[in-house]
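Asker: Here's my sequence, what's the structure:
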Amino acid sequence: MKTVSRFTALAAVLLASSSAFAADWSSNSVTYAYAPHQSEPGVSDKVAKNILTFTSISGDKLGTNLFNIDLLKSDSADLANNGGGGAQEWYGFYQRNFSLSAMTGNKAGYGFAKDLNLTARVDAGAKNTEFAPAPRKLQLGMSAAMPVSAGFWDIGAAAYKETNHNGIVGKSVSFDVAPALNSAWAIPMAGVGTFGGFASIVGPKGKDGFGEKTATETLIRATFMFDVMGPKSGLSAGVGVEYWNNKFGCDSSIAANGNKCKATTPLALVSYKL
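Answerer: You can find the predicted model right below:
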C-alpha cells in the first residue's frame, strides 16, 4: 500500500507541475492498429488484438508532456474471466520531460545531444482476465535528444519500479527496482510519410507472483505511416512490426511454451490527427 501511495503522490506532483504552465503547442491524435500475432503469458496460442489509441503531446517553457492510452480487445484465444469472449484491456501512461536547455538557457547542446531531459513517467492499466493484471509503474531518469534534422529521436535510461496483481495466486506483487533503457522516434520524410516507433528494455526485476525469476524484457515497435491526401489532411495509414520478448518478464527460454512469452507480429494502422 505504501508503494501505491507513493505512485499516487508522485503522479499528482507530475500533473501539478505540467498544469502550472500554459502549453505553447499541442498535438492530439487517434490511431487504430490491428496486431494478428501477439503473445500472452499463460496463453498457448497467438492472440489477435484490435487496439485503439489516443495520444496527446504538448510543450511549454520547461519541456513537454506526453499522455497515451490504449484500449485493447483480444480475440477468443485470450478469453475474458467471465467467459464473455475475448479479453478487454486498457493501458495508459503520462510522461513529463524537463528540458535542461530550457531550464538553463543553454542552446549550444550537450556533446552529441542537442538537448538533455529529466524524465518522469507513470503507467497504469487493467485487464479482465483470470490473471487480472493491474500494473502500476514508475520510471525516473534522463533522456538525450538526438540531432536529427526533422522530427525527433530520443534515447534514455531510467530506474524502473513496478507493482502488479496476480489473480491466479490471489496476491499483489512488488517487483525490485530495475534498470530500463528507452527510445522513441518520429522522422518525417517529405512528401511520403513518417518513420516512427519506440523501444523499451527492462532488466530483471526479481521474482514474479509465482516465485519465478524474471528475465530482461524487450519491446520494439517500428512503423511507417504514409500521408493520405497530403500531410495537411491529418490522415495517415501504414504498416509496422512489433517484437516482444520475455513479455512482462516471463522467461521465454524456460516457459513450457516459449511462444506465449515471445512474439513478432505485423501491424496495420490508420491514424488521424485531431
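Asker: can you give me the strands for the stretch 51-200 of the chain?
Answerer: 63-74, 88-99, 115-127, 136-145, 152-166, 171-174, 178-189, 193-202 (DSSP state E, counting those that start in this stretch).
Asker: Figure out how far the fifth one is from the centre of its chain.
Answerer: Here strand 152-166 shows a centroid-to-chain-centroid distance of 9 Å under the convention C-alpha atoms, centre = their mean, to the nearest Å.
Asker: cool, the second one as well?
Answerer: Distance of strand 88-99 from its chain centroid, counting by C-alpha atoms, centre = their mean, is 7 Å.
Asker: For V239, give its distance to Q95.
Answerer: Distance, V239 to Q95, by C-beta to C-beta, to the nearest Å: 26 Å. For glycine as for every other residue, the C-beta is placed from the backbone atoms N, C-alpha and C.
Asker: Next: G203.
Answerer: Distance, G203 to Q95, using C-beta to C-beta: 20 Å.
Asker: Looking at these two, which has the bigger crowd around it?
Answerer: A direct count of neighbours by other C-beta atoms under 10 Å for G203 and Q95 places Q95 higher, at 22 against 16.
Asker: The more buried one and T119 touch, don't they?
Answerer: Yes. At 6.4 Å, Q95 counts as touching T119 under the criterion of C-beta atoms under 8 Å.
Asker: thinking again about what came up before, with mean pLDDT added, can I get the strands of the stretch 51-200 of the chain in CSV?
Answerer: Below are these laid out as CSV (pLDDT from 0 to 100):
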stretch, mean pLDDT
strand 63-74, 96
strand 88-99, 97
strand 115-127, 97
strand 136-145, 97
strand 152-166, 97
strand 171-174, 94
strand 178-189, 96
strand 193-202, 97
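Asker: Quick check: which of the ones you listed is nearest to A80?
Answerer: The minimum distance between A80 and the strands of the stretch 51-200 of the chain falls on strand 88-99, with 6.6 Å, by C-beta to C-beta.
Asker: Can you tell me how far G206 is from S174?
Answerer: G206 is 9 Å from S174, where distance means C-beta to C-beta.
Asker: er, K127 I mean
Answerer: Going from K127 to S174 by C-beta to C-beta gives 19 Å.
Asker: Name the residue in those two with the higher neighbour count.
Answerer: K127 (23 against 14).
Asker: nearest spatial neighbour of the more buried one, skipping sequence neighbours?
Answerer: If the residues on either side of it in the chain are set aside, K127 comes closest to E89, at 3.9 Å by C-beta to C-beta, 6 or more residues apart in numbering.
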